[in-house]
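J.: the following comprises the amino acid sequence and a computationally predicted model.
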Amino acid sequence: MSNCDNCASSSNCNKKDKGCNKIESKYGNFKKIIGIISGKGGVGKSTVTGIIAVKLAKAGYKVGVLDGDITGPSMPRILGISNKRNLIVQKEGSEEVKFIPAETEFGIKVMSLNLMIESEDQPVIWRGPVINNVLNQMYVDAEWGDLDYLLIDMPPGTGDVALTVMQGIPLDGMVIVSTPQDMVSMIVKKVVVMAQKLKVNILGVVENMSYIKCEKCGEKIRVFSKKSAEEQAKYLNLPLLSEMPIDLELVENLENGTAEKYIYDNKDYDELMSKVCK
């Protein structure tokens, strides 16, 4: 598991006397666990998770993705594996089960509720405690094996699941995803303050949809705000990891289920991965 020095609860932990309050994976060993979160939906948090995962895999790391956005899972679509399934294996003579992650073309292991239901458009109508239990089980009982990085695509906001991940899983760091609007930055700030209160290490912020690049002259056209990504990052008091444009080619590949290959070949996203790996 991750080093205790990087654990959000290390300052209040007395492992010898009380035991660690973090959840342990039965079948996984992770060098780094990184959470990716946003203040609200629709800002590209899951897309950023997919980009980081693919670029880490390209760099030779063993990568897993836990789709923690239980009521709005989208990682199978982003990574082009909607046709696959997470297998559930029951130990003979007991009620103990083990989940087998699906794997992408480039070997990324994925656990998602959308890979365990009949139809991806089937809604999950569960209350918070049930959602938390399912998330914990997908983390604990999945056969992750030895991974360099486990990425957790968290639900937006400061609700139950975000609290469960920040308090219960030994995160080594967290990436915040935002967009240029002041209104979004204000909502994202709530997540930043929450993480700081829980002593979670924040690696920095990714500003998504920062601009559109003119195909003819290459000029950056800012659609949502005249403020720069650096100004927004300064407001959040976080390092800027990446300023990502609206990429229509990526959107088309997401729709066609070929985004993993597109991201793999696109060098524009290399900087983001290198900063997450620091």
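T.: Looks like it came in fine.
J.: list the contacts for the residue lying closest to residue 50 once chain neighbours are set aside?
T.: Counting by CB to CB, 6 or more residues apart in numbering, residue 50 lies nearest to residue 78, which is 4.0 Å off, once chain neighbours are set aside. Yep, even glycine has a C-beta here, placed from its N, CA and C like the rest. For residue 78, the contacting residues are 46, 47, 49, 50, 254, 259, 260, by CB atoms under 8 Å, 6 or more residues apart in numbering.
J.: now, which of those lie within helices?
T.: Among these, the members falling in helices (DSSP state H) are 46, 47, 49, 50, 254, 259, 260.
J.: one step back: which one among the contacts of residue 78 sits at the bottom for pLDDT?
T.: Within these, residue 254 has the lowest pLDDT, namely 92.
J.: can you name the residues that contact that residue?
T.: Each residue near residue 254 by CB under 8 Å, 6+ apart is listed here: 47, 77, 78.
J.: residue 46 too?
T.: With CB under 8 Å, 6+ apart, residue 46 has these contacts: 67, 69, 74, 75, 78, 153.
J.: just to be sure, which of these are found in strands?
T.: 67, 153 (DSSP state E).
J.: using JSON lines, lay out the contacts of residue 46 together with distance to residue 175 and pLDDT.
T.: Output for these, formatted as JSON lines (distance: CB to CB, whole Å; pLDDT from 0 to 100):
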{"residue": "67", "distance to residue 175": "16", "pLDDT": "96"}
{"residue": "69", "distance to residue 175": "14", "pLDDT": "90"}
{"residue": "74", "distance to residue 175": "17", "pLDDT": "92"}
{"residue": "75", "distance to residue 175": "15", "pLDDT": "95"}
{"residue": "78", "distance to residue 175": "16", "pLDDT": "95"}
{"residue": "153", "distance to residue 175": "10", "pLDDT": "96"}
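J.: now render the contacts of residue 254 as JSON lines, adding distance to residue 181.
T.: JSON lines is the format used below for the contacts of residue 254 (distance: CB to CB, whole Å):
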{"residue": "47", "distance to residue 181": "17"}
{"residue": "77", "distance to residue 181": "25"}
{"residue": "78", "distance to residue 181": "23"}
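J.: related to what we said a few turns ago, pick out the most distant pair among the contacts of residue 46.
T.: By the measure CB to CB, 69 and 78 form the most distant pair in these, at 11.4 Å.
J.: pick the one among the contacts of residue 254 closest to residue 25.
T.: residue 78 (23.0 Å).
J.: residue 126: neighbouring residues, count only.
T.: Neighbourhood size, residue 126 [other CB atoms under 10 Å]: 14.
J.: next: residue 123.
T.: Count around residue 123 with other CB under 10 Å applied: 9.
J.: same check, this time on residue 61
T.: Neighbour count of residue 61, defined by other CB under 10 Å: 18.
J.: contacting residues for it?
T.: 148, 149.
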